[in-house]
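no sequence on this one, just coordinates:
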């Protein structure tokens, strides 16, 4: 069945229409078998400029997932030590919130609240319409775009590194922290004395400046003094805590939803009406992103592809033994694809780390259209040398992909010296903590736990403990990624108006939508920003 609506570029309206039709079919079957009363009339799909509905479940989501071991990774990058396996409780619905609740030993309560499960679509096939239809469609699109918040341009965007005009670190406690970082580079004794004053004023339960100062002062103290002794922890408790943290962040902020939504749209448009699609995912974990894309491919106007294959290179978060986790991912995606009637294959690549693979490992067939996905993964390969990153990018290029999608954090923490790196990280995480402060109460225990487990650890890795190979908390801004991508022979592809409209609509689902914005960075990067400060950037390349 083809699912269409008046505005075929509006994914929210299409999703609502598909959902309603699926629900009506399901209710008809129930009435047939159980003599249920007739349903109440359903609402019409929202107009293109409407607020995103709070619940957009997958159509045909009645699978029973088998028990398997896996974990949920943090979109902002939990440490490898936190990546432990847990049992996945069997469920009767495809719902990532339910998965996370089942991971912490509770009975699965499935509430359709994850916008990762959006149904995507491509524009209609390029059949030349009448001139008056073109004019009407253009006017309708312009009116819809005019009702959305404006997308900032590169000249309006804050850069990855703080400057003299950047007031994100203007709070006195943060200015004191910056002074401590400068002193640490020259006189560790003086820095320690000044740092003690900052630590006395910082708190994990205060305002955003006080909270970010709490974690940065702790990281700086670890750099200046002996490392605290390691403490043993219960792996199950660590897994439960990380799972709750991921859910807390995903409910509060649109970061991961923006990244997956935007990358999926770029892949969907680049693969067009291809009958055989091969996705190479560098950094696969549970594959939730791909379940959404499979849904889109199953409902595209051109018809379902004859086969979809995913080659999954395991994420570093899965640790040294990822086979069991990827086997569970394979089963979930395969079962979901079967519900959709899509011929699907998942191939885990376990032979070697990403930078040691070669083209023969992927077995690309001549009639396959290839898409390569790097979602918050390439920064793991950053170091004093760019060669590991370049090797993986050259490998991706050898596969002749129709598109390469890249998602990375928008902050320069790789080549910068300690003082600049400290300032960059402080500015970046101040904005992150501001976004959390608007979404969550100051006395929220969930917020405290999430900031400690996720961001406290990441801040420690960015600030210290040392330099060179000792430093693992490296990230790069869009300018650095552009240089690497172009050096390896890629050119940027501007994200479509469909992709940007979706991201606009996504932000309207958050109470703090007026502080979130989209920022276009040259040449073709789209960033999710907080108060114009880019935090997470997605781009497409060919």
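Done, it's in. All of these numbers come straight from a predicted model, not from anything done at the bench. Numbering: from 1, shown residues only.

counting contacts, what elements does the strand or helix carrying residue 347 pack onto?
Using DSSP states H and E, residue 347 sits within strand 344-348. The helices and strands touching strand 344-348, judged by 3 or more CB pairs under 8 Å, 6 or more residues apart in numbering; DSSP states H and E, are strand 307-314, helix 323-340. Yep, even glycine has a C-beta here, placed from its N, CA and C like the rest.

dump the residue contacts of the nearest residue to residue 174 once chain neighbours are set aside.
Spatial nearest neighbour of residue 174, chain neighbours left out: residue 209 (5.6 Å); criterion: CB to CB, 6 or more residues apart in numbering. Each residue near residue 209 by CB atoms under 8 Å, 6 or more residues apart in numbering is listed here: 171, 173-174, 430.

widest-spaced pair of those?
The span of the contacts of residue 209, defined through CB to CB, is set by 173 and 430 at 10.7 Å.

same drill for these two, tell me which one is more crowded.
Neighbour totals were compared for residue 173 and residue 430, and residue 430 leads with 24 against 20 (other CB atoms under 10 Å).

am I right that the more buried one is in a helix?
Yes - under DSSP: H, G, I helix; E, B strand; the rest coil, residue 430 sits within a helix.

got the angle for the strand holding residue 347 vs helix 323-340?
Per axes from the mean of the first three to the mean of the last three CA atoms, to 10 degrees, the angle that strand 344-348 makes with helix 323-340 is 170 degrees.

now the angle from the very next helix or strand once past strand 344-348 to strand 307-314?
As assigned by DSSP H and E, the chain's next helix or strand after strand 344-348 is strand 369-375. Here strand 369-375 runs at an angle of 30 degrees relative to strand 307-314 (the same axes, to 10 degrees).

residue ranges with poor pLDDT in the stretch 101-250 of the chain?
101-168, 227-240, 243 (pLDDT under 70).

which segments of this structure make up each domain?
1-48, 160-239+415-470 (automatic domain parsing).

and of the helices and strands packed on strand 344-348, who's closest to residue 526?
Set against residue 526 and scored by CB to CB, these come closest in strand 307-314, at 24.0 Å.

what angle separates the host helix or strand of residue 265 from strand 307-314?
If you go by DSSP H and E, residue 265 is part of helix 255-271. Counting by the same axes, to 10 degrees, helix 255-271 lies at 140 degrees to strand 307-314.

list the buried residues of helix 255-271.
Buried residues in helix 255-271, counted by 16 or more other CB atoms under 10 Å: 255-271.

for stretch 464-478, buried residues please.
Result for stretch 464-478 [16+ other CB under 10 Å]: buried residues 464, 471, 473-478.

strand partners of the strand holding residue 347, parallel vs antiparallel please.
Sheet pairing here is set by DSSP bridges, and for strand 344-348 it gives strand 307-314 (parallel).

so for the partner strand, what's the average pLDDT?
Average pLDDT, strand 307-314: 95.

residues in contact with it: which ones?
Here strand 307-314 makes contact (CB under 8 Å, 6+ apart) with 275-285, 287, 290, 294, 297, 322, 325-326, 329-330, 333, 337, 342-350, 354, 357, 361-362, 368.

rerun that using 7 Å as the cut-off
If you take CB atoms under 7 Å, 6 or more residues apart in numbering as the criterion, strand 307-314 is touched by 276-284, 290, 294, 297, 322, 326, 329, 337, 342-350, 354, 362.
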